[in-house]
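In: show me how the following folds:
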Amino acid sequence: MQVEDYMARAPTFAVYDGFCKTKSVMDQHSRILVSVSGGSDSDDMVDVVEHLKPGSGCEVDYVWFNTGIEMDATKAHIRYLKGRYGIEIHEESGKKKVAAAVRSVGYPFYSKQFSEYIERLQKHNFKWEDKPFDALYAEYPQCKAALRWWCNSWKDEPHRPLQTEIASAAHLKEFMVLNPPTFSISKKCCDLAKKSAGDLARKKYAAGIQFIGVRKAEGGARSTNYKSCMTDGRHGLQHFPLFWWKSEDKALFEKCYGIRHSEAYTLYGCRRTGCAGCPFAGRFEDELLMLNQFEPKLGNAVSHIFEPSYEYTRAYREFKKEVARLGCC
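Out: Prediction:
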């Protein structure tokens with residue numbers, strides 16, 4: 001299909017606008033690195049890049065980052081994409097796979113933001129006490145931001161999002177005071193297994209820009225951190241071809257262009273793909289049930305890898321239920 005014909009079929013203005021922006025970016029770069037995850041947004045992005053590539057004069061390198069806990073369904077879908085588009089998708093890894101990363105830096109718990117603050121407190125041998133901020137700051141002067149999170153002291157800065165306070169997680173502070181974590185907590189497994197993979201790949205393929213399938217409407221930390229479809233930060237120049245697509249734009253695009261997604265979505269019923277069983281996914285219990293049904297070996301593996309975080313999360317959830325049962329506020 002000719003580029004012009006492909007663009008003319010765009011079912012919505014947002015899709016067409018995304019085509020135009022992406023075509024312009026491709027025309028300005030000689031080598032592009034495209035991150036392929038096997039997820040649904042990634043599928044759409046690959047289709048866009050492959051159809052807009054002719055005549056752009058750019059060389060495209062597709063990479064898939066294997067964290068060590070990827071589903072067989074995702075691996076099979078990567079093979080499908082290779083065959084459908086006649087492309088090579090290079091498998092790359094970060095500095096460590098997830099299993100090794102959590103052992104070396106700590107386990108993910110609740111959210112990336114919370115895990116970062118907990119890690120900072122643990123590094124200062126925090127005693128998990130419920131004291132006023134001033135008293136704790138005098139004792140731990142090098143840990144101000146994490147202490148403000150712990151003490152819910154961002155109230156004088158109303159522009160701060162709610163998740164910067166521990167109070168956004170009901171009764172978590174009370175739970176941690178009574179049950180201090182006995183294992184290391186950190187968000188850095190993502191840095192070692194995923195972000196480092198991207199940094200290493202950019203150097204390896206000498207790409208001037210990286211394409212990632214981020215949509216602002218999808219939510220999550222990445223989409224809320226970015227304000228436009230282009231960014232130039234510590235990870236280099238990046239473009240998000242689908243950034244302004246809403247769910248309805250995405251659905252119409254996929255129907256119009258015949259996009260087929262991984263069985264992780266169509267058979268397993270996943271809402272997301274990526275690191276299987278990640279504790280940052282609030283529905284990890286449902287994901288474990290799914291893995292045990294369709295990919296039991298991987299289900300057993302992630303149950304072992306993330307066991308401390310799973311057990312701590314389960315204990316916290318039981319604590320909340322007990323508080324509610326007793327009618328405490």
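
In: what number of residues lie near Val214?
Out: Using other Cβ atoms under 10 Å, Val214 has 23 neighbouring residues. In this view, the C-beta of every residue, glycine as well, is placed from N, C-alpha and C.

In: state the distance from it to Gln238.
Out: 9 Å (Cβ to Cβ, to the nearest Å).

In: quick check: bridge partners of Val34?
Out: Tyr62, Phe211 (DSSP bridges).

In: report pLDDT for it.
Out: Predicted confidence (pLDDT) for Val34: 96.

In: gap between it and Lys297?
Out: Separation of Val34 from Lys297 (Cβ to Cβ): 30 Å.

In: the more surrounded of those two?
Out: Higher neighbour count among Val34 and Lys297: Val34, with 25 against 9, using other Cβ under 10 Å.

In: so where's the stretch 101-250 of the chain shaky on pLDDT?
Out: 154-164, 219-225 (pLDDT under 70).

In: helices of that one, start to end?
Out: 112-123, 133-139, 144-151, 172-178, 188-190, 196-205, 220-225, 247-257 (DSSP state H, counting those that start in this stretch).

In: of all those, which one is nearest Val49?
Out: With Cβ to Cβ, the closest approach to Val49 among those belongs to helix 247-257: 12.7 Å.

In: just the CA trace of the helix or strand just after the closest one, in PDB.
Out: Where DSSP states H and E defines the elements, the next helix or strand beyond helix 247-257 is helix 263-266. Presented in PDB, the C-alpha positions along helix 263-266 are these (Å, rounded to 0.1, in the frame of the first residue of the first chain):
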ATOM      1  CA  GLU A 263      -3.200 -14.200  22.500                       C
ATOM      2  CA  ALA A 264      -2.300 -12.700  25.800                       C
ATOM      3  CA  TYR A 265      -5.200 -10.300  25.100                       C
ATOM      4  CA  THR A 266      -7.500 -12.400  22.800                       C
END
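
In: what does helix 263-266 rub up against?
Out: Here helix 263-266 makes contact (Cβ atoms under 8 Å, 6 or more residues apart in numbering) with 38, 40, 71, 73-74, 76-77, 270, 273.

In: pipe those into TSV and attach distance to Gly233, pLDDT and secondary structure per row.
Out: Compiled in TSV, the contacts of helix 263-266 are given as follows (distance: Cβ to Cβ, whole Å; pLDDT from 0 to 100; DSSP: H, G, I helix; E, B strand; the rest coil):
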residue	distance to Gly233	pLDDT	secondary structure
Gly38	25	94	coil
Ser40	25	95	helix
Met71	30	95	coil
Ala73	32	96	helix
Thr74	27	96	helix
Ala76	33	97	helix
His77	29	97	helix
Cys270	29	89	coil
Thr273	25	83	coil
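
In: and the furthest pair within those residues?
Out: Every pair of the contacts of helix 263-266 checked by Cβ to Cβ; the farthest is Ser40 and Ala76, at 15.1 Å.

In: these two: which is more packed in?
Out: Ser40 (22 against 13).

In: look up how far Arg272 lies from that one.
Out: Distance of Ser40 to Arg272, given as Cβ to Cβ: 9 Å.

In: could you list the domains of this protein?
Out: Following automatic domain parsing, one finds the domains of the chain at 3-99+191-263, 110-178.

In: quick one: end-to-end distance for the first one.
Out: In other words, domain 3-99+191-263. 29 Å (Cα to Cα, to the nearest Å).

In: before we move on, back to that, nearest to Tyr310, out of the domains of the chain?
Out: Tyr310 lies closest to domain 110-178 among these, at 11.9 Å (Cβ to Cβ).

In: mind checking the end-to-end distance for that closest one?
Out: End-to-end span of domain 110-178 (Cα to Cα): 17 Å.

In: in this structure Ala207 contacts Ile32, no?
Out: Yes. Using Cβ atoms under 8 Å, Ala207 is in contact with Ile32, at 5.9 Å.

In: between these two, which contacts overlap?
Out: With Cβ under 8 Å, 6+ apart, Ala207 and Ile32 have common neighbours Asp61.

In: let me see the ranges of the strands in the chain.
Out: 31-35, 59-65, 89-92, 209-211, 230-233, 236-239 (DSSP state E).

In: roughly how far apart are Phe319 and Pro108?
Out: Taking Cβ to Cβ, one finds Phe319 at 19 Å from Pro108.

In: give me the more crowded residue out of those two.
Out: Applying other Cβ under 10 Å to Phe319 and Pro108 shows that Pro108 carries more neighbours, namely 26 against 18.

In: tell me the contacts of that one?
Out: By Cβ under 8 Å, 6+ apart, the neighbours of Pro108 are 102, 115, 185-187, 189-190, 278-280, 306, 309.

In: contacts made by stretch 54-67 with the rest, please.
Out: 2-3, 23, 26-27, 29-38, 46, 49, 53, 78, 87-94, 97-98, 193-194, 197-198, 201, 205, 207, 274-275.

In: got it, and stretch 282-298?
Out: By Cβ under 8 Å, 6+ apart, the list of residues contacting stretch 282-298 reads 69, 71-73, 267-271, 276-278, 281, 299-300, 302-303, 306, 310, 313.
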